[in-house]
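>>> Quick one, structure for this:
(chains A and B)
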Amino acid sequence: MPLAMVMEGETRTIREFRGEGDMKRHLQDIGFIKGERVRVVGENAGGMICVVKDVKVALSRGLAHRIMVED
Amino acid sequence: MSVIIALAGNPNCGKTTLFNEITGSVQHVGNWPGVTVEKRDGVYRKDKEVVIMDLPGTYSLSPYSAEEIVARDYIVKEKPDAVVNIVDGTSIERNLYLTMQIAETQIPMVVAINMMDEVERKGDKIDCGKLSGLLGIPVVPIVARTGRGLKELMDAAIDVAKKGQKPNRLSVFDSELADAISSIADALGDGESEENNWKAIKLAENDEIIAGTVPSDKRREVESLVRAADKAAGGDAGARIADSRYRYIAKLVGDCVKKSGKGYEETKSDKLDKILTNRILALPIFAGIMYLLFACTFSENFLFIPELPSPGVWLAGIVEEGWAFAADKVIGAAETLGASEWAVGLVTSCLDGVGAVFGFLPLVLVLFLLMSFMEDSGYMARVAFVMDRIFRHFGLSGRSFIPMLMGFGCSVPALMASRTLESDKDRKITMMITPFMSCGAKLPIYAMFAATLFVDSSQTLIVFSVYMLGIVAAILGALLLNRFVFKSENSSFIMELPQYRIPTAKSVLIHAWEKVKGFAVKAGTVIFASTVLIWFLSGFNFGGMCGMEESFLASIGNGIKWIFAPLGFGDWRASVGVVTGWIAKENIVATFGQLFGNVSEETVEAVMAGEEALPAITEVFNRVSAYAYMAFNLLCMPCFAAVGAMKREYGSWKWTLRAIGFQMATAYFVALLINVVGNMIF
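The predicted model follows:
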């Protein structure tokens, strides 16, 4: 399921990124890679806040819809 | 022999703090060529032979943003003698990702593990000696904010630079991937060469910029090898490479870092974020902070207390008065010395030009003291998150809000505030549209027309509508620029939210001081030169000194007035007003006062405040053309001070002129539209 649908406070494992090129690479650079644990710590209407590799990251909901995590 | 040391690291890793600590105040700030990315260099405090180059904060050496391209080009092409890679010890895994990539270039380097105090507070332990042994790179623990470990760090960096000591070649990739990469390197020529090896990795990662540098005779072979690498990696070599790096890092961290093992724990930052990014509270809190930012800089009735000037306005007043006093003395002295009329005029205009620069400095200073506080505290990163949903519709970042809001006060600090935007594209677009906001100096123009031509109708509504017009033009302009000029599909944003920290006074002060100095020097020359030029044009003709009515400027006004005829004000006086408005927009009123009936200075003041009318302008303007004229002056090239600020921020005349061109075209189009449509209706 997409990361965008994970509830606040939950931790999931990243499976894949739907989309390509620059954004995929940038996500990898920031730490969003397959198998990594990601925890959702906050959200608002436009986006969400996650913790990945000990770093807090804000991302838009559109992007969070393209990051797939394990159910 | 001088040594060049470059600082590289993730955004928010404390790189700038480190830079400020090791260079002191001897810094030079400018732009990297062609982009609006800040370039800073300085000299090591304890050894003037050591040049420190602060590279932009990046997560990797892949070309995702202008910052990353700048940083990697510098490391790979300019080849500094050594790189100091700053690693935030509190998120060491993610930070080491860049370390791996810098090590791949085989440049001599040192790793500085920053924020060791926070690491210790968390109860974690980092074995720097062991990490150093595994990487073949000196690893120095530091606390940039307090200066701990900086001497050791610099000693290590200078040592590495002088010896040219390269990092270990790490076996990060599995044999399949390593084979694929080395075959690409072989195809590029000598597979043993560091440069080819690095390029091969980048090619396997599908790096388009590096792909473009492959000579055409080798291109086909390289492309098929890259495809083969993708196949060997199960479809996506880039992902596998990233994965391998992270695996390698995980092993390193497992060997060298002892975590207190408490797992996820809510920090003070997290608690603060629960409030500041809360889905309901975030916007009101942001609005409150923005109000304070604006009020502290521009307000005449600070905190709603009548007549109490804000710190910015108060300081500006002092500077202006001081300058006027000094200028009076100088002019008086020149007169008593019997200087000729034109010489006194020249001195006056020069003093005005310098005074114009000085008058802006307090605003710039106050705004940037506050903004650097917001930036360094970590709040600014949250602004994008809070505002993004609204601004994304216009193709802008949430942070564009700050320059645009400041634009209602004064374009000069507003344009400079665009520096805090994340992307080069957003910075460029925001700077083009920020002057569309009605700044304080444009209000007297509206007041004049409202009092003269719109007496019976709602004057407030007219003035308000001009403000709204600016906002609408800015939004439409941003949409158009995104669509047709920058051709970006504005989709998603992702950014790190650093821990909240109380900024050090030193870094806030250095930042604000840099802005003030940069503006005074870089923008100052533009402002000064153009002020003197307009003074000359408006006070002289071929016969020598004369009134404005017979000056070169009047001839120019007559020469260009046809341009404005379709807008409804094809009159030389109106044209001259546009030109003198570029010195400062409120000058238009004074110019009209002089050209339409030569009224007294007191009358001009009253007209500016909207208390008195200037009936003579009805010779030229009716309501429609007056509105078109207001729109034109709102949107056309801002005053020279703002142009100077644009020039400084763009770092190039090319982009400055493009922005002016865009503003002129918008102004002309909108005024034309108003005149044509207005005349159909009224």
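>>> At which residues are the strands of the chain located?
With no chain named, the answer covers chain A. With DSSP state E as the criterion, chain A has strands at A:11-17, A:37-43, A:47-52, A:55-60, A:67-69.
>>> not quite, I wanted chain B
Remark: strands assigned in chain B by DSSP E are B:3-9, B:27-31, B:38-43, B:50-54, B:82-88, B:109-114, B:125-126, B:139-141, B:257-258, B:494-496, B:540-541, B:544-545.
>>> nearest to B:Tyr627, of the ones you listed?
strand B:540-541 (33.0 Å; Cβ to Cβ). To be clear about C-beta, it is placed using only N, CA and C from the backbone, and glycine gets the same treatment.
>>> picking that back up, compile the strands of chain A into a markdown table and extend it with columns for mean neighbour count.
Converted to a markdown table, those look like this (neighbours: other Cβ atoms under 10 Å in any protein chain shown):
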| stretch | mean neighbour count |
| --- | --- |
| strand A:11-17 | 17 |
| strand A:37-43 | 19 |
| strand A:47-52 | 23 |
| strand A:55-60 | 23 |
| strand A:67-69 | 21 |
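>>> List the contacts of the residue lying closest to B:Val214 once chain neighbours are set aside.
Leaving aside its chain neighbours, B:Val214 sits nearest to B:Val222 (5.2 Å; criterion: Cβ to Cβ, 6 or more residues apart in numbering or on different chains). Residues near B:Val222 by Cβ atoms under 8 Å, 6 or more residues apart in numbering or on different chains: B:Ile184, B:Ala187, B:Leu188, B:Leu203, B:Ala211, B:Val214.
>>> now do 10 Å
Listed by Cβ atoms under 10 Å, 6 or more residues apart in numbering or on different chains, the contact partners of B:Val222 are B:Ser183, B:Ile184, B:Ala185, B:Ala187, B:Leu188, B:Lys199, B:Ala200, B:Leu203, B:Ile210, B:Ala211, B:Val214, B:Pro215.
>>> if I look at it, how far off is B:Ser397?
From B:Val222 across to B:Ser397, the span is 36 Å (Cβ to Cβ, to the nearest Å).
>>> same check, this time on B:Val677
Noted for B:Val677: a distance of 33 Å to B:Ser397, by Cβ to Cβ.
>>> These two - which one has more neighbours?
B:Ser397 (25 against 12; other Cβ atoms under 10 Å in any protein chain shown).
>>> That one touches B:Met404, doesn't it?
No: counting by Cβ atoms under 10 Å, B:Ser397 sits too far from B:Met404 to count as a contact (11.1 Å).
>>> can you list residues touching both of those two?
With Cβ under 10 Å, 6+ apart as the test, B:Ser397 and B:Met404 both reach B:Phe391, B:Thr430.
>>> before we move on, back to that, quick one: which of the strands of chain A is nearest chain B?
Among these, the nearest to chain B by Cβ to the nearest Cβ is strand A:55-60 (4.1 Å).
>>> and that closest one, average pLDDT?
Taken as a whole, strand A:55-60 has a mean pLDDT of 91.
>>> In its sheet, which strands sit next to it, and in what direction?
strand A:47-52 (antiparallel), strand B:494-496 (antiparallel) (DSSP bridges).
>>> Which of the helices and strands in the chain ranks last by mean pLDDT?
All of this refers to chain A. None of the helices or strands of chain A scores lower by mean pLDDT, DSSP states H and E than helix A:21-30, at a mean of 86.
>>> switch to chain B, that's the one I care about
The helix or strand of chain B with the lowest confidence, counting by mean pLDDT, DSSP H and E, is strand B:27-31 at a mean of 77.
>>> Would you confirm that B:Val357 contacts B:Val521?
Yes: here B:Val357 reaches B:Val521: they are 9.5 Å apart, a contact under Cβ under 10 Å.
>>> low-confidence ranges in the chain?
Using chain A here. For chain A, residues meeting the criterion pLDDT under 70 lie at A:20.
>>> you looked at the wrong chain, it should be chain B
Applying pLDDT under 70 to chain B flags residues B:1, B:25, B:190-192, B:261-264, B:489-491.
>>> any idea how far the residue of it found nearest chain A lies from B:Ala478?
Nearest to chain A in chain B, going by Cβ to the nearest Cβ, is B:Arg389, at a distance of 2.9 Å. Using Cβ to Cβ, B:Arg389 is found at 16 Å from B:Ala478.
>>> Give me the more crowded residue out of these two.
Comparing B:Arg389 with B:Ala478 by other Cβ under 10 Å, the one with more neighbours is B:Ala478, at 25 against 15.
>>> any idea what sits nearest that one, other than its immediate chain neighbours?
Leaving aside its sequence neighbours, B:Ala478 sits nearest to B:Phe394 (Cβ to Cβ, 6+ apart; 4.7 Å).
>>> contacting residues for residue 59?
As the question left the chain open, I've gone with chain A. With contact taken as Cβ under 10 Å, 6+ apart, A:Leu59 is in contact with A:3-4, A:27, A:30, A:32, A:46-50, A:66-67, B:385, B:388, B:492-495.
>>> wrong one, I was asking about chain B
For B:Tyr59, the contact set (Cβ under 10 Å, 6+ apart) comprises A:25-31, B:9-11, B:65, B:67-68, B:94-95, B:97-98, B:101, B:496.
>>> Pretty sure B:Arg279 sits against A:Gly42.
Yes: between B:Arg279 and A:Gly42 there is a contact at 8.4 Å, judged by Cβ under 10 Å.
>>> one step back: number of residues surrounding the residue nearest to B:Ala478?
B:Phe394 has 18 neighbouring residues, counting by other Cβ under 10 Å.
>>> For the residue of chain A found nearest chain B, which non-adjacent residue is spatially closest?
In chain A, the residue that lies nearest chain B is A:Gly46 (2.9 Å; Cβ to the nearest Cβ). Among residues not flanking A:Gly46 along the chain, B:Arg389 sits closest, at 2.9 Å (Cβ to Cβ, 6+ apart).
>>> Tell me the spacing between that neighbour and A:Gly47.
B:Arg389 sits 7 Å away from A:Gly47, going by Cβ to Cβ.
>>> overlap in contacts of the two?
A:Ser60, A:Arg61, B:Gly398.
>>> Can you name the residues that contact the residue lying farthest from the centre of chain A?
The outermost residue of chain A relative to its centre, with distances by Cα atoms, centre = their mean, is A:Gly21 at 16.7 Å. Neighbouring residues of A:Gly21 by Cβ under 10 Å, 6+ apart: B:Tyr64, B:Asn206, B:Glu208, B:Gly238.
>>> Quick check: of these, which lies closest to B:Cys410?
Proximity of the contacts of A:Gly21 to B:Cys410 was ranked by Cβ to Cβ; the top entry is B:Tyr64 with 33.9 Å.
>>> Give me the neighbour count for the closest one.
B:Tyr64 has 20 neighbours, counted by other Cβ under 10 Å.
>>> Isn't it up against A:Asp29?
Yes: applying Cβ under 10 Å, one finds B:Tyr64 in contact with A:Asp29, separated by 7.0 Å.
>>> which residue ranges form the helices in the stretch 501-650 of chain B?
Under the criterion DSSP state H, counting those that start in this stretch, helices of the stretch 501-650 of chain B are mapped to B:505-518, B:524-539, B:552-564, B:572-581, B:587-595, B:601-608, B:623-635, B:640-650.
>>> Check which residues of the third one are buried.
Spelled out, it's helix B:552-564. Residues of helix B:552-564 classed as buried: B:Phe552, B:Leu553, B:Ala554, B:Ile556, B:Gly557, B:Lys561, B:Phe564 (neighbour count, 16 or more other Cβ atoms under 10 Å in any protein chain shown).
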